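Q: take a look and give me a structure for this.
(chains A and B)
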Number of protein chains: 2
Amino acid sequence: MINIEKNYSINARRMKKSAIRQLLKLASKPEIISFAGGLPAPEAFPVEEIADIASDVIKRDGKKALQYGATEGYSPLVEELIKWEKETNDIDIKPENLIITTASQQALDLIGKIFIDPSDPVIVERPTYLGGLSAFNQYGAKFIGIPMEKGNSGIDMDYLEQELERLKKSQEHYKFVYVVPDFQNPTGLTIPTEKREKLIELSEKYEFLLIEDSPYRELRYEGTTPELMYKMDNTGNVLSVHTFSKIFAPGMRIGWVVGNEKIIDKLNTAKQAADLCTSTFTQAVTAEFMKRGLLQKNIDKVKKIYKRKKDLMIEGFKQYLPQREDITWTEPDGGLFLWLTLPKYINTDKMFDEALKENIAYIVGSAFDCYGESLNTMRINFSYPSEDDIVEGVKRLANLIKKNIKD
Amino acid sequence: MINIEKNYSINARRMKKSAIRQLLKLASKPEIISFAGGLPAPEAFPVEEIADIASDVIKRDGKKALQYGATEGYSPLVEELIKWEKETNDIDIKPENLIITTASQQALDLIGKIFIDPSDPVIVERPTYLGGLSAFNQYGAKFIGIPMEKGNSGIDMDYLEQELERLKKSQEHYKFVYVVPDFQNPTGLTIPTEKREKLIELSEKYEFLLIEDSPYRELRYEGTTPELMYKMDNTGNVLSVHTFSKIFAPGMRIGWVVGNEKIIDKLNTAKQAADLCTSTFTQAVTAEFMKRGLLQKNIDKVKKIYKRKKDLMIEGFKQYLPQREDITWTEPDGGLFLWLTLPKYINTDKMFDEALKENIAYIVGSAFDCYGESLNTMRINFSYPSEDDIVEGVKRLANLIKKNIKD
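A: The predicted structure follows:
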């Protein structure tokens, strides 16, 4: 073969294999209890309903559902989503405000494509969603990380405002601010209403585009849901990213973006060249699932399962983890993850091999840090493992940690 | 909203809405007979079989088929494709030589992403597939167009060799040569064996990567199929792009790329950030469709339908089009399209409005030309319109052309 290296683009040279994907391979042995993945619980998939709907939809609408579709989305699904956004988020949108994507990962990729030139600053939370970091990294984003405030309220707003002021003074043009406001991946934290209001205020003052990526919003087990920032904003500065992966089935690969029609139109142009359209078949099945009123029922079912698992996990942490000031964890009101912080001298990257030997797996916190730091942290998933595995896994994790504590 | 224009990337500023998509909207009125689209015939979709398989697959394998899948592809489908490539193209590949993509458009996008930096030269046929041009254009490719040789054998090899020699002398580093060798979109032409051998020879001599994009290869109605260039090559210089869109159903959004494992691995890394994985659901349905031996049967059925339509179209051209030296068309042995060349003074872009008034539509040839020329040509699709519409549409097209002939 020719020397292919010299043909690769700068983008390609910059690409890194996802750290999570590598860890997941290591963690896939049957004897390992894995808190590593971010997978929905397979026992929660509405298998019978989907089997019936898939058959019905193909028999009834096969000529459309098997054909190429519009880049912006299959119109019956677009209609259902407009109703859904009204019912669940109380927002009024038109078809021009919405584009269906090949799950939210494609939305993040297209956002990277239309906004980021190499070395463009992009503001993100520390830690933040790894898939966002890798999508933006492929276009050469230079990350500016905003730490979380102490406690459970997420992003440090004072730090953010100082950073925005500094960028303004130095006339550095950053492309957007990216946040995961609801039960964040990886921390499980939710940005409360006052901070959301402040974010909107700052987006007007400093004139920035705010990307709210919200895959877990519907999976709330306690408390009340703050408004979507897309709703709080009146100026069109917010782009809101959603997905069916956690509330229906990731195998469908369907997400959607809500935003100003100008940006949606640009995403549409980018998507034309990226994959022409998302599967019309899975869009048709999803539209019918919504039309039959099954989505909210499914969410209610999933929430019950995940709440039990989350409670079990937290109980286990309280019972088995060393109770010390330098070992803390988040107690999320929803979502799939919690975030465990260990004494500063414990490096979870280095501890990972030892964890595998103890047949327990997690994702190293550094994978979610745009600077590759946060070495004493880990992400713990509670949606995928069985209840028995949660109980046993917490014991193994506790033993592992105890062995690594120095005093 | 903030002034969003100043936030767009150079990529985004370069993006153009697909010309075809705009024309298709205009051509979608029911009174218009459209030879414009590139859609498979909906009457050929195996609706009943897919309905049964979808239901069976979900009931049997729902926990896997609805979950996230591996980026490289759902393993039962990968296995079927390895067998398929052996049976149909007589090539021996391993899983590392194959990646499943969200149809071939995503393959072209990922190829653009991993190879093209702004202003990188890329060599293409004139005309060539519009979706290839738009995918590569978004990454800033500078196209070098190689015309077709007079007659029916496709790309002008002498012209290509001269161009390669010129590029070598001027030390201009181009990223790849892109061809659609089988029943090319838009011309319907096939590159014969001798030219394929020459292409492989040149790829070694001039050390270039050769992309063969072959969505229509299995749809041959006459003659014998030349070998896949991936098979003819022994050095790993060929990347071979395929799709289920024309042989099964485009709504599945499944394609695959065969190539050297190094390049496949790089495509995999790019795909991780682009959409994590292609729909496991549609991959599972497609794998089962193959496993039940239905794919070849479906291809045989589709071929019968398209051959009749193609023959009808050519008969109509012979009967109704002015028989003159300056009006010519290709007579493809397969695929979905033929290419019509009119007298030099006829501009098919300008004639398009008139065509719509006559209730007939085509795609302007200039859309497929990397320099936007070839103004006296048009692409004609024969797979989608009904047989009655083909007969009536050719009459309308003939009338339109007669009106525009000056002598």
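Q: so which residues of chain A form strands?
A: A:33-34, A:98-101, A:121-126, A:142-147, A:177-179, A:210-213, A:238-243, A:255-258, A:328-329, A:337-341, A:360-361, A:363-364, A:377-381 (DSSP state E).
Q: any buried residues in the helix or strand bottoming out on mean pLDDT in chain A, and which?
A: Confidence across the helices and strands of chain A bottoms out at helix A:19-26, with a mean of 74, counting by mean pLDDT, DSSP states H and E. If you call a residue buried by 16 or more other CB atoms under 10 Å in any protein chain shown, then helix A:19-26 has these buried ones: A:A19, A:I20, A:R21, A:L23, A:L24. The C-beta positions use only the backbone N, C-alpha and C, and glycine is treated the same way.
Q: check stretch A:218-230 too.
A: Residues of stretch A:218-230 classed as buried by neighbour count (16+ other CB under 10 Å): A:E218, A:L219, A:R220, A:Y221, A:P226, A:L228, A:M229, A:Y230.
Q: which two of those have the greatest separation?
A: Pairwise distances across the buried residues of stretch A:218-230 (CB to CB) peak at 23.2 Å, for the pair A:Y221 and A:Y230.
Q: and A:V257, how many neighbours?
A: Other residues near A:V257 number 27, with proximity taken as other CB atoms under 10 Å in any protein chain shown.
Q: contacting residues around it?
A: Applying CB atoms under 8 Å, 6 or more residues apart in numbering or on different chains, we find A:V257 in contact with A:L98, A:I99, A:T101, A:A107, A:I111, A:L239, A:S240, A:V241, A:H242, A:I264, A:L267.
Q: possible to save these as TSV with pLDDT?
A: Supplementary listing: those in TSV, determined by pLDDT from 0 to 100:
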residue	pLDDT
A:L98	98
A:I99	98
A:T101	98
A:A107	98
A:I111	98
A:L239	98
A:S240	98
A:V241	98
A:H242	98
A:I264	98
A:L267	97
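Q: who wins for neighbours among these?
A: A:I111 (31 neighbours).
Q: domain parsing for chain A?
A: Annotated domains of chain A cover A:4-45+A:299-404, A:48-295 [automatic domain parsing].
Q: among the buried residues of stretch A:218-230, name the ones in helices.
A: Secondary structure assignment by DSSP state H places A:M229, A:Y230 of these in helices.
Q: closest to chain B among the buried residues of stretch A:218-230?
A: For the buried residues of stretch A:218-230, the residue nearest chain B by CB to the nearest CB is A:Y230; the value is 12.5 Å.
Q: in this structure that closest one contacts A:W256, no?
A: No - under the criterion of CB atoms under 8 Å, A:Y230 lies out of contact with A:W256, with a separation of 11.8 Å.
Q: wait, what's in contact with the closest residue in space to A:L397 that isn't next to it in sequence?
A: Closest residue in space to A:L397, ignoring its immediate chain neighbours: A:I360 at 5.3 Å, by CB to CB, 6 or more residues apart in numbering or on different chains. Under the criterion of CB under 8 Å, 6+ apart, the neighbours of A:I360 are A:I32, A:I33, A:S34, A:F35, A:G393, A:R396, A:L397, A:L400.
Q: now the two most distant members of the contacts of A:V257.
A: Distance extremes for the contacts of A:V257: the farthest pair is A:L98 and A:I111 at 14.8 Å, using CB to CB.
Q: that older thread, most tightly packed of the domains of chain A?
A: A comparison of these by mean neighbour count, using mean count of other CB atoms under 10 Å in any protein chain shown, puts domain A:48-295 on top with a mean of 21.
Q: could you work out the end-to-end span of that one for me?
A: Domain A:48-295 has its terminal residues 14 Å apart, counting by CA to CA, to the nearest Å.
Q: which parts of the stretch 101-250 of chain A sit against chain B?
A: Residues of the stretch 101-250 of chain A found near chain B, taking CB under 8 Å from any CB of the partner chain as the criterion, are A:102-103, A:105-106, A:109, A:113-117, A:120, A:131, A:134-135, A:137-139, A:173, A:175-176, A:203, A:207-209, A:235-237, A:245, A:249-250.
Q: please work out which residues outside the least confident helix or strand of chain A touch it.
A: A:34, A:36-38, A:130, A:352, A:356, A:361, A:363-364, A:367, B:71, B:272.
Q: recalculate using a threshold of 7 Å.
A: With CB atoms under 7 Å, 6 or more residues apart in numbering or on different chains as the contact definition, helix A:19-26 has outside contacts at A:A36, A:G37, A:L130, A:L356, A:I363, A:A367, B:Q272.
Q: identify the farthest-apart pair in the residues you listed.
A: Of all pairs drawn from the contacts of helix A:19-26, the one with the longest distance (CB to CB) is A:L356 and B:Q272, at 22.2 Å.
Q: from the contacts of A:V257, which is closest to chain B?
A: Distance to chain B across the contacts of A:V257 (CB to the nearest CB) is lowest for A:T101, with 8.2 Å.
Q: as a markdown table, the contacts of helix A:19-26 with distance to B:G335 and pLDDT would be great.
A: Shown next, in a markdown table, are the contacts of helix A:19-26 (distance: CB to CB, whole Å; pLDDT from 0 to 100):
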| residue | distance to B:G335 | pLDDT |
| --- | --- | --- |
| A:A36 | 47 | 93 |
| A:G37 | 43 | 89 |
| A:L130 | 42 | 94 |
| A:L356 | 52 | 94 |
| A:I363 | 47 | 94 |
| A:A367 | 46 | 94 |
| B:Q272 | 33 | 94 |
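Q: mind checking which of those residues land in helices?
A: With DSSP H as the criterion, helices contain A:L130, A:L356, B:Q272 from among the contacts of helix A:19-26.
Q: could you dump those residues to CSV with distance to B:I327?
A: Converted to CSV, the ones in helices among the contacts of helix A:19-26 look like this (distance: CB to CB, whole Å):
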residue, distance to B:I327
A:L130, 58
A:L356, 71
B:Q272, 50
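Q: returning to what we had before: as TSV, the domains of chain A with distance to B:D311 would be great.
A: Output for the domains of chain A, formatted as TSV (distance: least, CB to CB, whole Å):
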stretch	distance to B:D311
domain A:4-45+A:299-404	43
domain A:48-295	24
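Q: between those domains, which one is closest to B:Q296.
A: Taking the domains of chain A one by one with CB to CB, domain A:48-295 is closest: 18.4 Å.
Q: which ones are touching the residue of the stretch 101-250 of chain A found nearest chain B?
A: Among the residues of the stretch 101-250 of chain A, A:G236 lies closest to chain B, at 3.4 Å counting by CB to the nearest CB. Applying CB under 7 Å, 6+ apart to A:G236 gives the contacts A:N260, B:M1.
Q: now it: phi and psi?
A: Backbone geometry at A:G236, expressed as degrees, to the nearest 10, gives phi 90, psi 20.
Q: near chain B, which residues of the stretch 251-400 of chain A show up?
A: Proximity of the stretch 251-400 of chain A to chain B is assessed by CB under 7 Å from any CB of the partner chain, with A:251-253, A:260, A:262-263, A:266, A:269-270, A:272-276, A:278-282 identified as the residues in range.
Q: and if we set it to 10 Å?
A: Within the stretch 251-400 of chain A, the positions adjacent to chain B are A:251-255, A:259-260, A:262-263, A:265-285, A:384 by CB under 10 Å from any CB of the partner chain.
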